[in-house]
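*Asks:* next come a sequence and a model predicted from it.
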Amino acid sequence: MARLLLRGFDIRKAWLDGTAQAQLIDSLRPILKSAPLFRPVTPSGKEMSVRMTSAGALGWVTDKTGYRYQAQHPKGMDWPAIPDQILDIWRDLASPDRDPDCCLINYYGEGTRMGLHQDKDEADFSWPVLSISLGDDALFRIGNQTRGGKTESIWLNSGDVVIMGGPARLTYHGIDRVRFGSSKLLPKGGRINLTLRVAR
Ligand SMILES: O=C(O)CCC(=O)C(=O)O
Ligand SMILES: [Fe+2]
């Protein structure tokens, strides 16, 4: 379990072993059933290539009216609760004092990516965003606190956890590409990234 610090991002390689990864996937199955993945559209009208859903009191959504957290899935139902196993990772690595109110679930299929962005729709940036990688390898790019400038990249593998907090809380980051089929964790391939957030 190597620990790397890259531009203030605290990267815990192989934080979750294979058993823990498989348990997390099992805990996500009922969530994906009751709050199905949807394809988000950015405010400028572009479809994102990832599909997403959320668990928790709030979920992150985007459509033509903007980026925001809201209490219901776009289809109208409440988001399912965040499973305890996922909360435990937050309590271990981020804070035992306050649980996140959102677990954003991103699914990366073949050919998907996520452009460089800041996570800035949350009310209080003193809480970190904690990211959990499951499934296929992904090339994670880290930029700066403002747009532009030199970037650095690192491959994230299944079981890796990244804590984006402190001075790096508003650092630009994104996923350039996924090595589709590189992991056997998901029967149909692809990558799931969970981000735990204190939204409000
Ligand atoms: O997929 C990842 O590793 C990062 C996801 C991300 O940055 C986000 O959902 O805001
Ligand atoms: Fe992000």
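*Replies:* Now that the structure is in, tell me what you want to look at. Ligands and ions are numbered 1, 2, ... in the order given.
*Asks:* chain center to the helix or strand hosting residue 21: distance?
*Replies:* Per DSSP states H and E, residue 21 falls inside helix 18-34. With CA atoms, centre = their mean, to the nearest Å as the basis, helix 18-34 stands 15 Å off its chain's centre.
*Asks:* the helix or strand following that helix - contacts with which helices or strands?
*Replies:* Following helix 18-34 in sequence order, the next helix or strand is strand 51-55 (DSSP H and E). If contacts are counted by 3 or more CB pairs under 8 Å, 6 or more residues apart in numbering; DSSP states H and E, strand 51-55 sits against helix 18-34, strand 59-63, strand 102-108. No exception for glycine: its C-beta is placed from N, CA and C like everyone else's.
*Asks:* from the rest of the structure, what touches stretch 76-86?
*Replies:* Here stretch 76-86 makes contact (CB atoms under 8 Å, 6 or more residues apart in numbering) with 20, 23-24, 27-28, 30-31, 34-35, 53-59, 71-73, 99-100, 103, 132, 194, 196.
*Asks:* returning to what we had before: list the buried residues for the helix holding residue 21?
*Replies:* The neighbour-count check on helix 18-34 (16 or more other CB atoms under 10 Å) flags 21, 24, 25, 28, 31, 32 as buried.
*Asks:* that helix versus strand 102-108: what angle between them?
*Replies:* Following axes from the mean of the first three to the mean of the last three CA atoms, to 10 degrees, one obtains 100 degrees for the angle between helix 18-34 and strand 102-108.
*Asks:* CA atoms of helix 18-34 as PDB?
*Replies:* Extracted C-alpha coordinates of helix 18-34, given in PDB (Å, rounded to 0.1, in the frame of the first residue of the first chain):
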ATOM      1  CA  GLY A  18      -9.600  -7.600  -4.000                       C
ATOM      2  CA  THR A  19     -12.100  -8.800  -1.400                       C
ATOM      3  CA  ALA A  20     -13.000  -5.300  -0.300                       C
ATOM      4  CA  GLN A  21     -13.300  -4.200  -4.000                       C
ATOM      5  CA  ALA A  22     -15.700  -7.000  -4.700                       C
ATOM      6  CA  GLN A  23     -17.800  -6.200  -1.600                       C
ATOM      7  CA  LEU A  24     -18.000  -2.600  -2.700                       C
ATOM      8  CA  ILE A  25     -19.200  -3.600  -6.100                       C
ATOM      9  CA  ASP A  26     -21.900  -5.900  -4.500                       C
ATOM     10  CA  SER A  27     -23.000  -2.900  -2.300                       C
ATOM     11  CA  LEU A  28     -23.400  -0.800  -5.500                       C
ATOM     12  CA  ARG A  29     -25.700  -3.300  -7.300                       C
ATOM     13  CA  PRO A  30     -28.900  -2.400  -5.500                       C
ATOM     14  CA  ILE A  31     -28.100   1.300  -5.800                       C
ATOM     15  CA  LEU A  32     -27.600   1.000  -9.600                       C
ATOM     16  CA  LYS A  33     -30.900  -0.800  -9.700                       C
ATOM     17  CA  SER A  34     -33.000   1.700  -7.800                       C
END
